[in-house]
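Engineer: Could you work out the structure for the sequence below:
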Amino acid sequence: MKKVTLSSFDAADYLDSEEAIAEYLNAILEEDDPALFLTALGDVAKARGMSQIAVQTGLGRESLYKTFAPGAHPRYETVVKVLKALGVKLTIAA
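Structural biologist: I've put the predicted structure just below:
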């Protein structure tokens with residue numbers, strides 16, 4: 001029997017366009033799970049380059065990784081800085 005090797009899935013590998021990022025974040029928002037949203041935001045930051053996001057936000061790269069770690073509870077202002085650095089925004093619709 002042949003041994004099958006699977007690689008782990010990393011969403012950041014597929015977030016290669018503005019459209020893909022917007023669709024991904026919108027789909028995650030529909031899940032209504034704040035922890036999942038933070039994970040997705042971390043995926044997008046990783047896809048764009050965590051070091052670049054750190055420079056743009058004025059936050060340390062290590063602290064950004066901690067911000068998106070499972071169980072983290074980042075401040076709203078941190079999330080807003082990251083969203084701005086990523087060039088995306090949240091909108092509210094009725």
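Engineer: Just the endpoints, please. Distance across stretch 12-21?
Structural biologist: Taking CA to CA, to the nearest Å, the span from the opening residue of stretch 12-21 to its closing residue is 9 Å.
Engineer: Please spell out which residues along it are buried.
Structural biologist: Neighbour-count burial for stretch 12-21 flags 12, 15, 21 (criterion: 16 or more other CB atoms under 10 Å). (Each C-beta comes from the backbone N, C-alpha and C, glycine too.)
Engineer: do the same with stretch 22-35
Structural biologist: Neighbour-count burial for stretch 22-35, counted by 16+ other CB under 10 Å, picks out 24-25, 28.
Engineer: Between those residues, which sits nearest Val88?
Structural biologist: In terms of CB to CB, no member of those lies closer to Val88 than Leu25, at 6.5 Å.
Engineer: per-residue pLDDT, the closest one?
Structural biologist: Here the pLDDT value assigned to Leu25 is 94.
Engineer: That one against Gly42, yeah?
Structural biologist: No - look at Leu25 against Gly42 with CB atoms under 8 Å: they stay out of range, at 11.4 Å.
Engineer: Pull the number of nearby residues for Met50.
Structural biologist: Neighbour count of Met50, defined by other CB atoms under 10 Å: 17.
Engineer: Tell me which residues touch it, please.
Structural biologist: Contacts were defined as CB atoms under 8 Å, 6 or more residues apart in numbering; by that measure Met50 touches 61, 64-65.
Engineer: coming back round to it: would TSV of the buried residues of stretch 22-35 with distance to Thr78 and secondary structure be doable?
Structural biologist: Conversion of those to TSV gives the following (distance: CB to CB, whole Å; DSSP: H, G, I helix; E, B strand; the rest coil):
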residue	distance to Thr78	secondary structure
Tyr24	20	helix
Leu25	16	helix
Ile28	18	helix
